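1. Task: produce atomic coordinates for the following.
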Amino acid sequence: MKNTKISLALVLSPAALIVLWLPVGSYAGSTHCFGNNPIIDTGQTLCYSDVGGVITCPAPDGVAPQDASYNPPNLQASYTVDDTNLTVVDNRTGLMWRKCPDGLTTSNCNSGTITKILWVTALSACQTAFAGYTDWRLPNLAELSSLIYLGSGGSPYINPLFVGTPSGDSRFWTNTSYPTLLTSVYTVRFDTGIQLGTPKSSTYYVRCVRGGP
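-> This is a model prediction of the structure:
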């Protein structure tokens with residue numbers, strides 16, 4: 001599978017950023033990659049000094065440019081929301097997401113109960129019919145990480161269209177195995193914008209996806 005690199009800015013604190021390079025398509029357990037589709041901008045708009053203060057962003061060809069220095073219009077996030085079917089289509093990647101985390105419904109995702117579930121339960125939770133489709137599944141790490149959005153002004157670091165994301169430790173399961181410990185898989189933690197290995201025996205949240213280019 002093609003090994004394309006994706007740059008994601010990870011929020012460690014309001015004034016500290018790290019850029020992580022992820023080889024898309026190289027993860028164990030991955031079922032989908034973005035192929036030749038463009039990598040979507042993270043939404044980060046501020047640059048910081050080495051002591052944490054906000055500074056004017058250096059030019060992309062300047063010394064030590066930061067993530068916010070790169071914001072080409074054609075790589076900004078673009079979504080189509082269907083509030084009838086409760087789906088969100090990513091117009092850049094072609095992926096279709098369930099608008100609400102598993103357990104919640106309505107256009108505002110404010111009805112129902114969101115609960116943390118085991119990874120094996122999360123797999124089967126996505127394998128149900130929804131909005132007329134039966135090919136829903138857990139996203140892989142690259143797919144779920146594409147929803148990290150640093151322009152929201154604070155936690156949760158996810159595009160505001162994806163309402164219902166809980167506060168606190170809001171890890172969501174992926175189908176991507178942790179390479180050095182097969183009893184763990186990757187999760188994405190949207191309250192901090194980071195990815196981390198998580199034991200399959202833990203309980204966390206689910207957002208299902210289907211389709212793709």
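
2. Just give the number of residues close to the nearest residue to residue 114 once chain neighbours are set aside.
-> Leaving out its chain neighbours, the residue that sits closest to residue 114 by CB to CB, 6 or more residues apart in numbering is residue 103, at 4.3 Å. C-beta: built from backbone N, CA, C; applies to glycine. Using other CB atoms under 10 Å, residue 103 is surrounded by 17 other residues.

3. Over to residue 207?
-> So residue 207, with other CB under 10 Å, has 26 neighbours.

4. Can you list the buried residues in the lengthiest helix in the chain?
-> Counting by DSSP state H, the longest helix found in the chain is helix 119-126. For helix 119-126, burial by neighbour count (16 or more other CB atoms under 10 Å) applies to 119, 122, 125, 126.

5. next SSE after the worst-scoring helix or strand of the chain on mean pLDDT?
-> The helix or strand of the chain with the lowest confidence, counting by mean pLDDT, DSSP states H and E, is strand 16-24 at a mean of 36. Note on strand 16-24: by DSSP states H and E, the next helix or strand toward the C-terminus is strand 47-48.

6. Direction included, what does that next one pair up with?
-> strand 54-55 (antiparallel) (DSSP bridges).

7. I'd like the mean pLDDT over the strand it pairs with, please.
-> Mean pLDDT, computed over strand 54-55, is 88.

8. quick one: residue 148 and residue 189 touch, right?
-> No - contact criterion CB atoms under 8 Å: residue 148 and residue 189 do not qualify, at 9.6 Å.

9. So which of these two has more stuff around it?
-> residue 148 (26 against 22).

10. In the sheet, which residues pair with that one? Tell me.
-> residue 158.

11. I'd like to know how far it sits from residue 67.
-> 11 Å (CB to CB, to the nearest Å).

12. which residues does residue 190 contact?
-> 147, 148, 155, 156, 157, 158, 165, 170, 172 (CB atoms under 8 Å, 6 or more residues apart in numbering).

13. how about the closest residue to the third one other than its chain neighbours, phi and psi?
-> Excluding its sequence neighbours, the residue lying closest to residue 155 (CB to CB, 6+ apart) is residue 191, at 4.6 Å. When read as degrees, to the nearest 10, the backbone of residue 191 gives phi -80, psi -20.

14. Brilliant, that's me finished.
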